[in-house]
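A.B. asks: After the sequence you'll find the predicted model.
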Amino acid sequence: MNMTFELSYEGKKRLVIGGVLAAIAAWIAVDAMAGGAEHWGRVFVRLPLLLTGQGDGWPITGGFALNILLSIASMAVATVLGTLLGISTLAQSPYLRLPAFFIMNFLRNSPWLVLLFAMLFILPFQVEVFGLRIPFPPFVKAVIGLALPTAANLSEVVRGAVQSIHSGQWEAARALGYTTPQIYRHVILPQALRRMIPGWMNLYALLTIATALATVTGIQDVLTILNTSLAMESERVLVYFYLTTLFLFFAYCYPIAIFARRLERAVKGDNI
Amino acid sequence: MFGLDYSWLADPAYQNWLVTGVINTLELAALSSSVAILIGMLGALGLSLRVFWLDALIEFFVEVFRNTPPLLQMLFAYFTLSTLGLKTTDPVTGLEVPLLSAFACACISLSLFGGALAIEAFRSGLETMPKAITEAGRSLGYSRWARFWRIEVPIASRVCLPSLTNILTNLFKTTSQASVITVPELMYYAGQIYNDTFRTLEVMILILIIYVVLVSILSYGMSRLEAYLTLPGYGKGQ
């Protein structure tokens, strides 16, 4: 080849992906000139509604912002539950280990949508604890329904990370007189945390994608709003609205996935 | 038991719905899994050729399908493919009808979603292949295709069986979302039954258990397959 500069393989790949994106942009531009601009206009008018649940964009009551809020709340619950479940599956006592295994496998093998639906009916409208009334609105049910399968998947990640810690760490801590909870708290978990982060982030991206299912609980998430606003639009505009919503999820999840993969590569080689 | 009322299960009509639902779910899962595995193999082969434009296109496909909700993909396929021109004229009524049924739309979008996941799995399987093995194949005069089919696939497929199990169970679970676009599978009939009987809690618990049992059978079968196919030195045989 007599080129003055040589692109690397990755560089060429990036060029092609850039080309694909340019082709998509060109297609959108051509379509816009052929009448699509009007449709995009409709999408643009409804964009604040899709993002925040309000036509004016404020206050935030739903839309994609609610999906993100839901994903963060579910992940927080799932992190606590998943860590406890993961450690329980490693317990010495079979009375703790076997039920933990059963729960983990049950939750891992149940479809997210079905579990969410089941939670919708299993969880009461409100619970009374010591005279304190805790209401369970659909949002809370969605948080729990999505957190359960995530926790089960996270427990696998926790399990793997804890098992990857060298047994010498355990023996050294035992020799120093630490109790099991103390060993987890001060020795094992701080080290396992580093190895858990890529898996945790992957799971978060997966959970965010799954928040689309929360529309079945009736909360005003982006899909519910999409469906209600589509009822007022013509059939042709459908395509533009769906593409926009797909892009919203992609724009949020793709950077997380990329970052997780980078971390994974960084963590891969280290041996403690 | 626990105040749950399962008397409706005695009704043959509901039994029929449940059986039909399970059969349709199995059909949808089997069809989309096979296509997904095929897409995964072709995609991984494409990636292993190290042709930069093919590599870029496959990566683009994988990232798009991995990072968007399968539910939305299915809705997109169901509601917009006919708007985009995939429709025919019904010879009887003369009306325009979508070319693809809900089942076909679900099958296509699930296959693509599963395929994107499978490409990743097969790729990482091929990547763990020790270079010495392919080099040995090359020095024995194997062509690129023969090397791929006779050496790389048999080893890589064993290495990536655990992640393939994950993908297939994931895909099986995702078929429940096809109920949203009115594919008459198990989850869809669950809705039909509780709309009829108002026994929402009982129906959902039963459906959840049926799904868990089906998925458990699938993952048990896959683990048996894994054990059966073990090669000493690779995957579980290590």
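C.D. replies: That came through, no problem. Numbers count the residues shown, from 1 in each chain, chains lettered A, B, ... in the order given.
A.B. asks: what residue ranges in the stretch 51-200 of chain A score low on pLDDT?
C.D. replies: A:57 (pLDDT under 70).
A.B. asks: near chain B, which residues of it?
C.D. replies: Contact residues, the stretch 51-200 of chain A versus chain B (CB under 8 Å from any CB of the partner chain): A:105-106, A:109-115, A:117-118, A:120-122. Glycine gets a C-beta too; all of them are placed from N, C-alpha and C.
A.B. asks: Tell me which of those residues fall in helices.
C.D. replies: A:105-106, A:112-115, A:117-118, A:120-122 (DSSP state H).
A.B. asks: Can you tell me what sits against stretch A:192-208?
C.D. replies: Contacting residues not belonging to stretch A:192-208 are listed as A:67-68, A:71, A:74-75, A:78-79, A:146, A:150, A:153-154, A:157-158, A:160-162, A:164-165, A:249, A:252-253, A:256-257, A:259-261, A:263-264, A:267, A:270, B:67 [CB atoms under 8 Å, 6 or more residues apart in numbering or on different chains].
A.B. asks: Next secondary structure after whichever strand or helix holds residue A:183?
C.D. replies: Using DSSP states H and E, residue A:183 sits in helix A:180-183. Going down the chain from helix A:180-183, the next helix or strand is helix A:189-210, by DSSP H and E.
A.B. asks: Now the stretch 151-272 of chain A against chain B: closest residue?
C.D. replies: Going by CB to the nearest CB, chain B is nearest to residue A:212 of the stretch 151-272 of chain A, at 3.7 Å.
A.B. asks: Not counting its neighbours along the chain, what's nearest that residue?
C.D. replies: residue B:69 (3.7 Å; CB to CB, 6 or more residues apart in numbering or on different chains).
A.B. asks: Now find how far off-centre the helix ranked longest in chain B is within its chain.
C.D. replies: Taking DSSP H as the criterion, chain B has its longest helix at helix B:12-48. Computed by CA atoms, centre = their mean, to the nearest Å, the chain-centroid distance of helix B:12-48 equals 5 Å.
A.B. asks: same check, this time on stretch A:30-39
C.D. replies: Mean-position distance between stretch A:30-39 and its chain equals 34 Å (CA atoms, centre = their mean).
A.B. asks: Just the mean pLDDT for it, thanks.
C.D. replies: Mean pLDDT, stretch A:30-39: 82.
A.B. asks: Wondering if that stretch reaches chain B at all.
C.D. replies: No - counting by CB under 8 Å from any CB, chain B has no neighbours in stretch A:30-39; the shortest distance is 11.1 Å.
A.B. asks: Quick check: pLDDT value at residue A:272.
C.D. replies: 47.
A.B. asks: Over to residue B:81?
C.D. replies: Looking at residue B:81, the pLDDT reads 81.
A.B. asks: ok, now how distant is the residue located most distally from the centre of chain B from chain A?
C.D. replies: No residue in chain B sits farther from the centre than residue B:139, which is 37.7 Å out by CA atoms, centre = their mean. As for residue B:139, its distance to chain A is 25 Å (criterion: CB to the nearest CB, to the nearest Å).
A.B. asks: I figured residue B:60 was touching residue A:17, is that so?
C.D. replies: Yes - between residue B:60 and residue A:17 there is a contact at 5.8 Å, judged by CB atoms under 8 Å.
A.B. asks: ok, the residue nearest to residue A:124 when sequence neighbours are not counted - contacts?
C.D. replies: Sequence neighbours aside, residue A:136 is the residue nearest to residue A:124 in space, at 6.3 Å (criterion: CB to CB, 6+ apart). By CB under 8 Å, 6+ apart, the contact set of residue A:136 is A:123-127.
A.B. asks: that older thread, between the residues of the stretch 51-200 of chain A next to chain B, which sits nearest residue B:178?
C.D. replies: Closest to residue B:178 out of those is residue A:113 (9.7 Å), distances taken as CB to CB.
A.B. asks: Would you mind listing the outside residues contacting whatever helix or strand residue B:164 lives in?
C.D. replies: Assigned by DSSP H and E, residue B:164 belongs to helix B:161-174. With contact meaning CB under 8 Å, 6+ apart, helix B:161-174 is reached by A:109-112, A:114, B:29, B:32-33, B:36-37, B:40, B:70, B:110, B:113-114, B:117-118, B:121-122, B:124-125, B:157, B:211, B:214-215, B:218-219, B:222-223, B:225-226, B:229, B:235.
A.B. asks: Which of the residues you listed are buried, as a PyMOL select command?
C.D. replies: What follows is the PyMOL syntax selecting those of the contacts of helix B:161-174 that are buried according to 16 or more other CB atoms under 10 Å in any protein chain shown:
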select buried, (chain A and resi 109+110+111+112+114) or (chain B and resi 29+32+33+36+37+40+70+110+113+114+117+118+121+122+125+157+211+214+215+218+219+222+226+235)
